[in-house]
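> pasted the sequence and its predicted model underneath.
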Protein chains: 2
Amino acid sequence: MNPSRRLLLKHLAFRAAEISPRDGLVSIPPDGERFVAWPEVMERSKRLATAMVAWGVRPGDRIATLAFNDHRHIDAYFAVPCLGATLHPINVRWNLEEMVSVLEHTRDRIVFVDAGLMDRAIALADRCPWIEHLVRMGPRASDGDPPAVRSGVTISDHEELLETSDPIADWPDPEEHDVMAMCSTSGTTGIPKTVAYSHRTTCLHTMAIGLTDCMRLSGQDTLLAVVPMFHALGWCFPYACGMLGSRLVLPHRDLRPERLLDLLVEHEVTTSVAVPTVWDAVLAAVTASPGRWDLGRLERIVSGGAAPTASMIRGFRDQHGVEVIHSWGMTEINPVCTMSPAATTREEAALDPDDRLRHQQVAGRPLPGLTLEIEDEDGRPLPHDGASIGRLLVSGWWVAEEYAFGHPDGERFGADGRLDTGDVASIDDHGRMAIRDRGKDMIKSGGEWISSLALERAIGDFPEVATCAVVARPDERWGERPIAVVSIAPGASLDLATLQRRLAENFEPWQCPDDLILVDSIPLTSTGKIDKKTLRTRFLV
Amino acid sequence: MNPSRRLLLKHLAFRAAEISPRDGLVSIPPDGERFVAWPEVMERSKRLATAMVAWGVRPGDRIATLAFNDHRHIDAYFAVPCLGATLHPINVRWNLEEMVSVLEHTRDRIVFVDAGLMDRAIALADRCPWIEHLVRMGPRASDGDPPAVRSGVTISDHEELLETSDPIADWPDPEEHDVMAMCSTSGTTGIPKTVAYSHRTTCLHTMAIGLTDCMRLSGQDTLLAVVPMFHALGWCFPYACGMLGSRLVLPHRDLRPERLLDLLVEHEVTTSVAVPTVWDAVLAAVTASPGRWDLGRLERIVSGGAAPTASMIRGFRDQHGVEVIHSWGMTEINPVCTMSPAATTREEAALDPDDRLRHQQVAGRPLPGLTLEIEDEDGRPLPHDGASIGRLLVSGWWVAEEYAFGHPDGERFGADGRLDTGDVASIDDHGRMAIRDRGKDMIKSGGEWISSLALERAIGDFPEVATCAVVARPDERWGERPIAVVSIAPGASLDLATLQRRLAENFEPWQCPDDLILVDSIPLTSTGKIDKKTLRTRFLV
């Protein structure tokens, strides 16, 4: 197949430079706001490509990023895949062990690092002998001793690399099934798992993001990307904006609701994407200060990663005229699977607003190219009647085929092309899917996964602990928070502060349980497993 | 690749049955209006598939249609490709010779025929020994003698086939590069040429049609499809509506402006697609009868096949609040290449309406996945400055690689994947393309191509004629009309009526020249070819 007919990211991502040359990125890193027009995005990517070629980067090499949403991160986002290498954005919120366990597989040669995360990158390089280069993204470092790093690792300045490199003449022509990115996500065992995205799957997904009946994204939009670029490729929004010529506002690290509200107003943002935790906080903040922020320009926001509440959808709708679009996806689905705008059919458009709201709360319909099915325990298909509830399976154009390096969770990829999502769902007679329960023992806090098994293993190692279970407690702010339920050894004792202090060695503070409940014995199921259902009923109501 | 990951039409075209089950087709054939809900469209297609399987239809077999836009034509449109066979819609406006010359290549086994075109189909079957079945689409034939047809050909009733066939259990899984349709278009030599559309190219094109920045097509739309389904697969609009769950209004044969206006109003149509000839006539009719038709529901119309005039765009905009979107494409591009809505970027949205109108008149920007280039005579790339004019080349995801059975025009397909469009164009610094001239000797009348060479050959055969040239005269109603410029043999004479009468044996009336200009000698270029440029200047101003 001639390269021009292949589904390659380079054919989509730089379209904005041609059609919308005066629009681009508004990037707000700590060293100050900067506007980067789309042609300049292309130019910077081409310079960065030359620098990587000079380091001997070859097709298939993996290049990590450890960074927030800003224009420098975008440079790597566009340059690495278009050069034929593999982009690997690391979740900055993970603990060091999680990062190391992923990099043991991906063996990234280069890490592009936000200036504020250099300490973590240096610690990572210390543990990962295959890392050759750290590229520091931020203002030029002030004079003084460069940071100490293990020998064999260079530290370069990102802006200096761009200045000293000429733009690459032509992008290479990879095959469309070649891997353009790898995204890792927490696994049930505590070991993150990694999914490979090809040029093809990312192009198809990015096209779907531009459909009217997805979220009406257009080159006329100004999109505030709150969803981190390290989360499942930022849901491909950077590429979608590069395809359409939209303005893309990148807020960097500080995501306090007041700051987001300032950005929404100042940059006349029309649409934005974030987890419901963020939108709940934004709504609370704007409600607490009437008149301080006018959201008149904001048209619609996408809330993904967990279900939005009716009161949040209603609050945005009634107080600000903003449509909340619920989106559901998985890292294994590149990642968006469903979108649930208020109305995409004539029938829905004619509904009463509160009936439409009911549909906005559920995950919604799969994008064109994807198929959803539900099955009972014996693998029999269940009817799409809105009432039948069963295992949710996804298949289609951008569903992954496997984990990149194998993983115990890999059995969810069926030989028939169907992915067992681990969720339990219903589908109604208009194709709208609703998640009803989660099959696996994962806790979702503020849009991030926490492995209950990893916490259980760590706590179970405490000498005081006989048995331990970690379960999710519903939380108004974070959606869910982990709670430890522990039966202690005879004569021993344990308190929450001790538990949190010990876990802090290997877990980030947000990953540690909020509460400790001591019990005489942990209830077990008939097969001898911890009965989390009973635990939840007993302790978390 | 697992079939679920292949770009197959069956994954897109029936999505409406799942997500928008109460919407569907409004079909208005001569035997009366009928609503066919999307689940019924799927059911009918599955029944028709069974009937074709019973006739031994196998993957790769070619199945023609000779029909107008209605729900029965849709049955074949969805069933044939999803069954793995190749759909071949014949242009009903062609003369018999053109049809035969195409079928000599495609060798269609079955022809689905509108009841009003049975005479032509029987004549075609008489000339094409490979035709086995004619399927008559229309109301049940009244009792009486069945029409005479050559032996070896069966005539079946379409509705009876559906009634007597059970739905096929599962659609097969072709490869995505397999051919799902063939579309033929008039060639410069008068011999039509045929382009193969694969499942892959049609899926990609159909996805692009659903982009916000294409024409904002949504499941909320009611689309009146004036563009014939035999024109380059009806620009894939039937499939796009089947993907999104839009309502699709199919007007059958009668496209008089008054009837179209009645349909627009009665069915609360929000968008429609047709050639500018149709829109000019519609605008004239609505203007001539103030108050008779209220176009308040109509939001935007796509005008393709030739450039709309500023006065037409302005008329729809100022009198009816309707946006005219210019689209440009070719049968060789599956077929849509560019769309030119009033604004797709923030910069355009901020423009004065008349500045936007200037952009609506030009062909506009290529859809994502396609690339436009202009070159000078020596193949050097020309700048995108809006002023430089050169040969227009297209490459990308759904550009054909060749003509299906070879054709003298086939040299336009470059080994580098680029298609020489035969047009001469400029591209501005925002990626907007404007067609400036036509390279080849084709005449476009009412959206249909007429080959000047075919007419010149036929007229040149008249004993009275020494030399003959056929050129296009600008025409207010049809865009262009053919004019014959003839130098006659010494002592001979020729008049227009004689010329038209003789041509009528092999040409349809609309294909014959409107005028005959007798000259002493036809001007020639330095290389001895007919100098059409001079002819146009001398006779057509």
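Thanks, I have it.
> I'd like to know how far the residue most central in space within chain A sits from B:P3.
Central residue of chain A (CA atoms, centre = their mean): A:H231, 2.2 Å from the mean position. Plainly put, A:H231 is 30 Å away from B:P3 if you go by CB to CB, to the nearest Å. Any C-beta I mention is one placed from the backbone N, CA and C, and that applies to glycine too.
> which SS class is the residue in the stretch 351-500 of chain A that chain B sits nearest to?
Ranked by CB to the nearest CB, the top residue of the stretch 351-500 of chain A for proximity to chain B is A:G417, at 3.5 Å. Assigned with DSSP: H, G, I helix; E, B strand; the rest coil, A:G417 falls in the coil class.
> and the nearest residue to A:L503 once chain neighbours are set aside, what's its pLDDT?
Using CB to CB, 6 or more residues apart in numbering or on different chains and skipping the chain neighbours, the partner closest in space to A:L503 is A:C512 (4.8 Å). A:C512 is assigned 93 on the pLDDT scale.
> A:C512 and A:Q500 touch, don't they?
Yes - assessed by CB atoms under 8 Å, A:C512 is found in contact with A:Q500 at 5.0 Å.
> more crowded one of these two?
Per other CB atoms under 10 Å in any protein chain shown, whichever of A:C512 and A:Q500 has more neighbours is A:C512, with 22 against 16.
> A:S45: neighbour count?
Around A:S45 there are 28 residues (other CB under 10 Å).
> show me where the stretch 201-350 of chain A has strands.
Per DSSP state E, counting those that start in this stretch, the stretch 201-350 of chain A carries strands over the ranges A:222-225, A:247-250, A:271-274, A:300-304, A:323-329, A:336-340.
> nearest to A:I122, out of those strands?
Comparison of the strands of the stretch 201-350 of chain A against A:I122 by CB to CB identifies strand A:247-250 as nearest, at 24.8 Å.
> related to what we said a few turns ago, A:S27 versus the residue nearest to the centre of chain A, what's the distance?
Distance of A:H231 to A:S27, given as CB to CB: 18 Å.
> and if you look at A:I483?
For A:I483, the distance to A:S27 equals 39 Å [CB to CB].
> quickly list the domain ranges of chain A.
A:3-211, A:443-538 (automatic domain parsing).
> deepest in the core, which of these is it.
domain A:3-211 (a mean of 20; mean count of other CB atoms under 10 Å in any protein chain shown).
> so does that domain get close to chain B?
Yes - Domain A:3-211 reaches chain B (CB under 8 Å from any CB of the partner chain) through A:3-5, A:7, A:11-12, A:15, A:18-23, A:203-204, A:207-208, A:210-211.
> could you list the low-pLDDT ranges of chain A?
A:143-144, A:187-190, A:439-440, A:526-528, A:541 (pLDDT under 70).
> in it, where's the longest helix?
helix A:38-54 (DSSP state H).
> just checking the distance from that helix to the centre of its chain.
25 Å (CA atoms, centre = their mean, to the nearest Å).
> any idea of the angle the helix or strand that it is followed by forms with helix A:38-54?
With elements assigned by DSSP states H and E, the helix or strand that comes after helix A:38-54 is strand A:62-66. Here strand A:62-66 runs at an angle of 120 degrees relative to helix A:38-54 (axes from the mean of the first three to the mean of the last three CA atoms, to 10 degrees).
> then the helix or strand that strand A:62-66 is followed by to CSV, C-alphas only?
Using DSSP H and E, the helix or strand that follows strand A:62-66 towards the C-terminus is helix A:71-82. C-alpha atoms of helix A:71-82 as CSV (Å, rounded to 0.1, in the frame of the first residue of the first chain):
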residue,chain,number,x,y,z
HIS,A,71,3.5,22.9,24.6
ARG,A,72,6.8,21.1,25.3
HIS,A,73,5.1,17.8,26.0
ILE,A,74,3.2,18.4,22.7
ASP,A,75,6.6,18.5,20.9
ALA,A,76,7.3,15.0,21.9
TYR,A,77,3.7,13.9,21.4
PHE,A,78,3.9,14.8,17.7
ALA,A,79,7.6,14.2,17.0
VAL,A,80,8.1,10.7,18.5
PRO,A,81,5.3,8.8,16.7
CYS,A,82,5.8,10.7,13.4
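> quick check: angle from helix A:71-82 to strand A:62-66?
Going by the same axes, to 10 degrees, helix A:71-82 is angled at 160 degrees with respect to strand A:62-66.
> CA-only coordinates of the next helix or strand after helix A:71-82, as CSV, when you get a sec.
Using DSSP H and E, the helix or strand that follows helix A:71-82 in sequence is strand A:86-89. Extracted as CSV, the C-alpha positions of strand A:86-89 are listed here (Å, rounded to 0.1, in the frame of the first residue of the first chain):
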residue,chain,number,x,y,z
THR,A,86,7.0,4.8,20.1
LEU,A,87,5.8,7.5,22.5
HIS,A,88,5.4,6.3,26.1
PRO,A,89,3.8,8.8,28.4
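> off-centre distance for strand A:86-89?
Taking CA atoms, centre = their mean, one finds strand A:86-89 lying 13 Å from the centre of the chain it belongs to.
> which neighbouring elements make contact with that strand?
In terms of contacts (3 or more CB pairs under 8 Å, 6 or more residues apart in numbering or on different chains; DSSP states H and E), strand A:86-89 is packed against strand A:62-66, helix A:71-82, strand A:179-185.
> my guess is A:R481 contacts A:V471. True?
No - taking CB under 8 Å as the definition, A:R481 is not a contact partner of A:V471, at 10.0 Å.
> okay, and the common contacts of those two?
Common neighbours of A:R481 and A:V471, counting by CB atoms under 8 Å, 6 or more residues apart in numbering or on different chains, are A:I443.
> for A:A484, which non-adjacent residue is closest in space?
Using CB to CB, 6+ apart, the closest residue to A:A484 is A:P513 (4.2 Å).
> one step back: the residue nearest to A:L503: what's it in contact with?
A:L455, A:P482, A:L499, A:Q500, A:L503, A:A504.
> mind redoing it with 10 Å?
Residues counted as contacts of A:C512 (CB atoms under 10 Å, 6 or more residues apart in numbering or on different chains) are A:450, A:455, A:458-459, A:481-482, A:484, A:496, A:499-504, A:506.
> which residues sit against the helix or strand harbouring A:I443?
Secondary structure assignment for A:I443, by DSSP H and E: strand A:442-445. The contact list for strand A:442-445 (CB under 10 Å, 6+ apart) reads A:185-188, A:275, A:277, A:305-306, A:422, A:438, A:449-453, A:455, A:470-473, A:475, A:477-483, A:510-511, A:513-514.
> again, only using 6 Å
The contact list for strand A:442-445 (CB atoms under 6 Å, 6 or more residues apart in numbering or on different chains) reads A:A306, A:W449, A:I450, A:S452, A:A472, A:W478, A:G479, A:E480, A:R481, A:P482.
> return the subset of these lying in strands.
With DSSP state E as the criterion, strands contain A:W449, A:I450, A:A472, A:G479, A:E480, A:R481, A:P482 from among those.
> can you list the residues you listed in TSV and add distance to chain B?
Shown next, in TSV, are the ones in strands among the contacts of strand A:442-445 (distance: CB to the nearest CB, whole Å):
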residue	distance to chain B
A:W449	26
A:I450	31
A:A472	32
A:G479	28
A:E480	30
A:R481	36
A:P482	36
